[in-house]
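>>> Sequence first, then the predicted structure:
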Amino acid sequence: MSRTYLKVPFPQKDAAKSLGAKWDATIGSWYIPETLDLAPFAPWLPGNFSTAIATPAPVSSTALADPSRATTALTVGKAGVPLSRLLAGVASAVAAAYKAGVWTTVEVTDVKPRGGHVYLELSERDKSGTLIAKTTGTIWATTANRILPEFERATGATLAPGIKLLVRARPVYKPQFGFSVDIDAIDPDYTLGDLEARKREIRARLQADGIFAAQKLLATPWDFNAVLVVAPDGAAGLGDFQAESQRLEAHGICRFVHVHSRFQGEGAAAEIASALVAALERWNDAHGSAPDAIAIIRGGGAVNDLAWLYDYELARLICMLSVPVFTGIGHERDSTVIDEVAHTRFDTPSKVIAGIEQVIVRRTREASSAYEAVVQAAELVTQRARSSAERLDAEVRTDAARQINLARRKSLELLAAVKEISVATVHQAGSLVSEGLAAVRLGSAQTLTGARTESRAHADFVIERAGSHVPRVHVEVGASFAQMAQSARQVIRDARSSSEALFREITGQGPEKTLGRGFAVVRDDDGEPVTRAIQVEAGQGISVQFMDGSVAAHVVD
């Protein structure tokens, strides 16, 4: 196994050792383990040994700040100096000017861990976003193992693009690799303060717009049938959320529509806003209404990842939505701007779906209780209706029996009346016929008497004029007798018609006709008509005669 050996002067052995160099006792030399980068050990590599032990005189920091006051420590002849010696002089001047680190504010644009070391791309931008400074930074492995865990515990953040830091940096210049800064400390309070300052600025703008608390004024959904979910594709918390949401969907309880968007990196907030607006438009086109709620979830991650969500336009969009927004970004102790403006903030995606489930379960229990109350009320009403029906049935049966008895009594009375009327009518008809016949006889006799008297009155006249008027008189007498006979016959016919009509009426009042009109005749065991209820006793056999026959019956009560 090959090794890269170093030429380290004795006074610099501690520096080489701090960078991870190892001592080979066999050959008496320091070497670089294969897992480490060569760049930090450049001054001790074999080709730079002369430079490492023969560095020029240091240049003061005042000279670096004001080149016009600098004095060179290099003696340059006509033949010039090697580039390595020139750059070694620069390295020596930088090292002399910055023997200790300086607290510096930087923005991390890239992070590359390698071999335990952390290599950073650092920059500074003005308020318009224009780049005004840029360099590289290094946190050596031993330092990184000491300061990074402390920084992460204090802030909950990790080193990542976009984070702003206050670091203690010592400028370093190396002939092969150029200028960089070595970082040996990070102030966590500055990073937290920067995030909080951005949050305060957005909060103040939303409050000035009068919409900061708009979501809080929306009514909490009474129940959930459809929810729109916005999350990064493959987010850590999305699986936990879907484990429960898919169970609800499988039972047809609630439908979840997922929309994916980046939550980190430049432009992430704008992408979330665009995805959310497009999803709501598609939803409205498909269903004609909005979902019950919108869930914005992300899952775990570093606190500085939340910085991408500190965006005014995204927060303003959430405030302006008419649908309640639930957030589950995945941080229990930290709250983002969208957490503050959302209708309801949950710590994690799992708690978002748990909150939705709790509402559904509560409504289900309320519906179950209401159903049981309805069933109990229905049973009570049914029992009351049954009791009322039984009471009414008993009343109807009693009234029916009373009406039947009354009808039977009335029928018997009517039958007796019909008989009496029939007998009276027959007698009356007979009297009318006798009177009619007597009247006919009397009229005929009177007519004959009158005719005889008139004939006698005119007898003399007739006799007197008999000679000349005998034929005419004979005709008139015949006509008179014919008229008299015709009148007598008409009287007889009228009397006969009246008699026949009376007989028909009497015949129509007979028992058969009465039975045909729905009446019945009740007879006892001897066949005698029963006209009153008192005439029968319980257990007695009777017969009921109808128009088309008789039916045997038994008296119960």
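Looks like it arrived, so ask away.
>>> for the record, mean pLDDT for stretch 317-334?
Per-region confidence: stretch 317-334 scores 85 on mean pLDDT.
>>> again, but for stretch 376-384
Averaging pLDDT along stretch 376-384 yields 88.
>>> Please spell out which residues along it are buried.
Judged by neighbour count (16 or more other CB atoms under 10 Å), stretch 376-384 contains no buried residues. In this view, the C-beta of every residue, glycine as well, is placed from N, C-alpha and C.
>>> any idea how far that stretch is from the chain center?
32 Å (CA atoms, centre = their mean, to the nearest Å).
>>> Please apply the same query to stretch 339-359.
Distance, centroid of stretch 339-359 to centroid of chain: 17 Å (CA atoms, centre = their mean).
>>> That stretch spans what distance, first to last residue?
End-to-end distance of stretch 339-359: 20 Å, with CA to CA, to the nearest Å as the criterion.
>>> Can you give me the buried ones in it?
339-353, 355-357, 359.
>>> Now, the residues you listed that are in helices?
Judged by DSSP state H, the subset of these located in helices is 339-341, 349-353, 355-357, 359.
>>> just for the stretch 451-557 of the chain, where's the confidence low?
For the stretch 451-557 of the chain, the stretches with pLDDT under 70 are 451, 455-474, 477-478, 480-481, 503, 505-510.
>>> residue boundaries of the helices in it?
Under the criterion DSSP state H, counting those that start in this stretch, helices of the stretch 451-557 of the chain are mapped to 459-508, 511-516.
>>> buried ones in the shortest one?
Translated: helix 511-516. 511, 514-515.
>>> can you give me the offset of that helix from its chain's centre?
73 Å.
>>> A219 versus V323, what's the distance?
11 Å (CB to CB, to the nearest Å).
>>> in which helix or strand would I find P221?
Under DSSP states H and E, no helix or strand contains P221.
>>> Give me the nearest residue to it, chain neighbours excluded.
Leaving aside its sequence neighbours, P221 sits nearest to D292 (CB to CB, 6 or more residues apart in numbering; 4.6 Å).
>>> so is E152 in a helix, a strand, or just coil?
Look at E152: counting by DSSP: H, G, I helix; E, B strand; the rest coil, its state is helix.
>>> what about it, distance to A370?
Counting by CB to CB, the gap from E152 to A370 is 52 Å.
>>> Would you agree D194 is in contact with T155?
No - between D194 and T155 there is no contact under CB atoms under 8 Å: 10.4 Å.
>>> hmm, back to that, neighbour count: E152 and A370, which is higher?
E152 (17 against 10; other CB atoms under 10 Å).
>>> For the residue nearest to that one when sequence neighbours are not counted, grab phi and psi.
Once flanking residues are discounted, E152 sits nearest to T158: 5.9 Å by CB to CB, 6+ apart. In terms of degrees, to the nearest 10, the main-chain angles of T158 are phi -120, psi 160.
>>> Can you get me a residue count around T158?
Residues lying near T158 (other CB under 10 Å) number 15.
>>> Kindly report the same for A235.
Other residues near A235 come to 19 when the count uses other CB under 10 Å.
>>> just A91 next, same as before
20.
>>> you'd agree it is up against Y173?
Yes - if you go by CB under 8 Å, A91 and Y173 touch, sitting 4.3 Å apart.
>>> sorry, back to before: save the ones in helices among the buried residues of stretch 339-359 as a markdown table, and put in pLDDT too.
As requested, those are arranged in a markdown table below (pLDDT from 0 to 100):
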| residue | pLDDT |
| --- | --- |
| D339 | 90 |
| E340 | 90 |
| V341 | 93 |
| P349 | 90 |
| S350 | 89 |
| K351 | 91 |
| V352 | 93 |
| I353 | 92 |
| G355 | 93 |
| I356 | 94 |
| E357 | 92 |
| V359 | 93 |
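>>> Out of the residues you listed, flag the one nearest to P232.
P349 (11.0 Å; CB to CB).
>>> Now do the same contact list for that closest one.
231, 235, 237-238, 240-241, 295, 297-299, 328, 330 (CB atoms under 8 Å, 6 or more residues apart in numbering).
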